[in-house]
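A.B. asks: next comes the sequence, and after it the predicted model I'd like to discuss.
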Amino acid sequence: METDKDFQLRLLGYVPLAYAIFFLLRSIYRLYLHPLARYPGPRLAAATLWYQVYFEVFLVGRFSQQLDRLHDQYGPIVRIGPNEVHIKDPEFFDQLFNFSPDFNKPWAAPDDIARTQSFDLHKVRRKALEPYFSKKAVLNLESTIREDAEELCQRLLEARSAQKPASITLLARCFTAEIMSEYIFGRPYGFLADPRVSEQFFAAQNSIFQHVYVWQNSRICKLILESLALIPQSWLPEGHEMRVLGAFTSSIEERIKAAKKVGRKDTASHAKGVLLEDYASLPLPASDQRPRTVFDMALVLFTAGFETTAYTFETAVYHTLANTNVHERLLAELSNACPNAQDMPTWLELEKLPYLSAVISESLRLSIGQMLRISRRNMKEDMTYKQWVIPKGTIIGMSTRHIHYDKGIFPDPDRFDPERWLKGEESKHLHKYLVSFSKGARRCMGMNVAYAELYIAIATLFRRFQFELYETTRKDIDPVLDFLIPLPEKGSNGVRVLVK
């Protein structure tokens, strides 16, 4: 006679079979009955998200490269997931990333302004924070940017005195991270003071970026990764990435607490370094005043504000030095505009220099901005792309890289060519396709900060120093891996220079 225990064991044995049947039936539905069943694309991608997991996790950040192959094979629209399509067509970008309140982000992070799913909530948050990133507000920040540019120059002078190569990759991140730390938290973190110590932080952060796909798509894995943060730092060896990041997040929490105690009654000026002090007075929902929400918003604003700008900075340095004609023309323009290298023009004056502006635009184009595809989802109505009707609720993705490297818009797209931005009327339309900061209501708020940093830093460095690339080739700068931010191929030592 079968006992209860025997029955339970036999029932347990049916679990794998039940799951297999469920997986089979779900796959049949996705392949043959799903609204996207007729869309072109690999059958495995239509059946399961494990197709993306293979390229993002097991091959480590290479789904962007696979997207190129898929579009070459299937055309401008490809089904890349059970409920996701990807479109490669620059002319569709404006339609997808417009101001429509019907378009939400498919992957939500309630406490993260960059991934706020609801259009309405994002609008409230953006309206409260945007004045701090207006051009007027950033002009108040210019003195801070100049001070940090001077400290950056000191690190380069030290490298010259020591007759050692300087890592532009590292120094660019130290420079932009220090500015964002001062602007958001009200004081410097010390990134520029000792770049070698800061290098541990950036390495740890890059390791976190490598898990961006897991964080975005797996709640279980996200909980596991978050739980690791609860491990006491004293248990971890010195220099361990979790210990380095833990020390940084602890400092953010301390600054948030300090900012709450200080506070400010006058928020009209949006002066430098007061964002956290003003936060409690901003017109935000009560839920956004929770410690976790304040922490996440501060961290996102900080990270988003330095990584991509730093990558654009090092892209500009590499390509300027690698192209003699570009280098000579930039130096000539800067020498003419600034006879005294120790008395640099203001940001507004630098913006008027056409060749410097062209170098920055071309650097933004090649450095892409966000490497990971950008997605939207229309929850209220179907959308149309050519002959395809995309059902409402479908995740629709596009990639900045496919626009910036489109041969029809930018001939010879892999070539660094500032001249393409200096052809008068012929060049005006190009700015429509420069989407490093995205477009529409979710366009990057930190655009003005990024431009100010790029103009001031690039002009200052090239006016004051002569550089020579040191053991650096295009493989050390070309974007390959899509860990949210673009990164070069593994094994790269970044952009390094000898300071003359």
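C.D. replies: Structure received.

A.B. asks: low-confidence stretches in the protein?
C.D. replies: For the chain, residues meeting the criterion pLDDT under 70 lie at 1-13, 99-120, 122, 210-246, 259-281, 283-284, 287-289, 291, 441.

A.B. asks: list the contacts of residue 314.
C.D. replies: Contact analysis of residue 314 by Cβ atoms under 8 Å, 6 or more residues apart in numbering lists 168-169, 172, 477, 494-495. Using the backbone N, CA and C atoms, a C-beta is placed for each residue, glycine as well.

A.B. asks: show me which pair in those is furthest apart.
C.D. replies: Greatest spacing in those, by Cβ to Cβ: 172 and 477 (11.3 Å).

A.B. asks: how far away is residue 162 from residue 303?
C.D. replies: According to Cβ to Cβ, to the nearest Å, residue 162 stands 31 Å off from residue 303.

A.B. asks: how about residue 14?
C.D. replies: Relative to residue 303, and taking Cβ to Cβ, residue 14 is found at 47 Å.

A.B. asks: so these two - more neighbours on which side?
C.D. replies: residue 303 (18 against 10; other Cβ atoms under 10 Å).

A.B. asks: then that one would be within a helix, right?
C.D. replies: Yes. Judged by DSSP: H, G, I helix; E, B strand; the rest coil, residue 303 forms part of a helix.

A.B. asks: what about stretch 128-143, start to end distance?
C.D. replies: One end of stretch 128-143 sits 24 Å from the other (Cα to Cα, to the nearest Å).

A.B. asks: how about stretch 381-390?
C.D. replies: This stretch, stretch 381-390, spans 9 Å end to end (Cα to Cα).

A.B. asks: show me what it is in contact with.
C.D. replies: For stretch 381-390, the external contacting residues (Cβ under 8 Å, 6+ apart) are 39, 76-77, 85, 87, 89, 92, 95-96, 102, 378, 391-392, 394, 396.

A.B. asks: ok, now stretch 320-331?
C.D. replies: Residues outside stretch 320-331 that contact it (Cβ under 8 Å, 6+ apart) are 319, 355-356, 359, 416, 418, 462-463, 467-469, 474, 497.

A.B. asks: now the residues you listed: which count as buried?
C.D. replies: Neighbour-count burial (16 or more other Cβ atoms under 10 Å) is assigned, among the contacts of stretch 320-331, to 319, 355-356, 359, 416, 418, 462-463, 467, 469, 497.

A.B. asks: and the strands in this structure, which stretches?
C.D. replies: Using DSSP state E, the strands assigned to the chain run over residues 77-81, 84-87, 103-104, 166-167, 374-378, 383-385, 388-390, 395-398, 467-469, 481-483, 485-487, 496-499.

A.B. asks: can you redo these as JSON lines with distance to residue 138?
C.D. replies: Formatted as JSON lines, the strands of the chain follow (distance: least, Cβ to Cβ, whole Å):
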{"stretch": "strand 77-81", "distance to residue 138": "37"}
{"stretch": "strand 84-87", "distance to residue 138": "33"}
{"stretch": "strand 103-104", "distance to residue 138": "28"}
{"stretch": "strand 166-167", "distance to residue 138": "27"}
{"stretch": "strand 374-378", "distance to residue 138": "24"}
{"stretch": "strand 383-385", "distance to residue 138": "36"}
{"stretch": "strand 388-390", "distance to residue 138": "38"}
{"stretch": "strand 395-398", "distance to residue 138": "28"}
{"stretch": "strand 467-469", "distance to residue 138": "27"}
{"stretch": "strand 481-483", "distance to residue 138": "28"}
{"stretch": "strand 485-487", "distance to residue 138": "22"}
{"stretch": "strand 496-499", "distance to residue 138": "28"}
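
A.B. asks: what's the closest of the ones you listed to residue 334?
C.D. replies: Of all these, it is strand 467-469 that lies closest to residue 334, at 13.4 Å by Cβ to Cβ.

A.B. asks: partner strands of that closest one, parallel or antiparallel?
C.D. replies: Neighbouring strands of strand 467-469 in its sheet, by DSSP bridges, are strand 496-499 (antiparallel).

A.B. asks: how about stretch 321-339: buried residues?
C.D. replies: For stretch 321-339, using 16+ other Cβ under 10 Å, the buried residues are 321-323, 326-327, 329-330, 333-334, 337-338.

A.B. asks: distance from it to the middle of the chain?
C.D. replies: Relative to its chain's centre, stretch 321-339 lies at 29 Å (Cα atoms, centre = their mean, to the nearest Å).

A.B. asks: now do stretch 352-372
C.D. replies: Relative to the centre of its chain, stretch 352-372 is centred 15 Å away, using Cα atoms, centre = their mean.

A.B. asks: the nearest residue to residue 44 once chain neighbours are set aside: what's it in contact with?
C.D. replies: Closest residue to residue 44 apart from its sequence neighbours, by Cβ to Cβ, 6 or more residues apart in numbering: residue 51 at 4.8 Å. Residues in contact with residue 51 (Cβ under 8 Å, 6+ apart) are 42, 44-45, 80-81.

A.B. asks: distance check, residue 65 against residue 297.
C.D. replies: Distance from residue 65 to residue 297, counting by Cβ to Cβ: 33 Å.

A.B. asks: quick one: which of these two has more around it?
C.D. replies: Taking other Cβ under 10 Å, residue 65 and residue 297 do not tie; residue 297 has more neighbours (24 against 14).

A.B. asks: how near is that one to residue 330?
C.D. replies: In terms of Cβ to Cβ, residue 297 sits 37 Å off from residue 330.

A.B. asks: quick revisit: how close does the residue nearest to residue 44 sit to residue 67?
C.D. replies: For residue 51 relative to residue 67 (Cβ to Cβ), the value is 12 Å.

A.B. asks: need the overlap of contacts for the two.
C.D. replies: The contact lists of residue 51 and residue 67 share residue 80, where a contact means Cβ under 8 Å, 6+ apart.

A.B. asks: and for residue 250, the neighbour number?
C.D. replies: Counted with other Cβ under 10 Å, residue 250 comes out at 11.

A.B. asks: same question for residue 87.
C.D. replies: 25.

A.B. asks: these two touch, right, it and residue 397?
C.D. replies: Yes. Taking Cβ atoms under 8 Å as the definition, residue 87 is a contact partner of residue 397 at 7.3 Å.

A.B. asks: and residue 439, how many neighbours?
C.D. replies: 16.

A.B. asks: how much space separates the closest residue in space to it that isn't next to it in sequence from residue 443?
C.D. replies: Closest residue to residue 439 apart from its sequence neighbours, by Cβ to Cβ, 6+ apart: residue 97 at 4.6 Å. Between residue 97 and residue 443 the computed distance is 8 Å (Cβ to Cβ).
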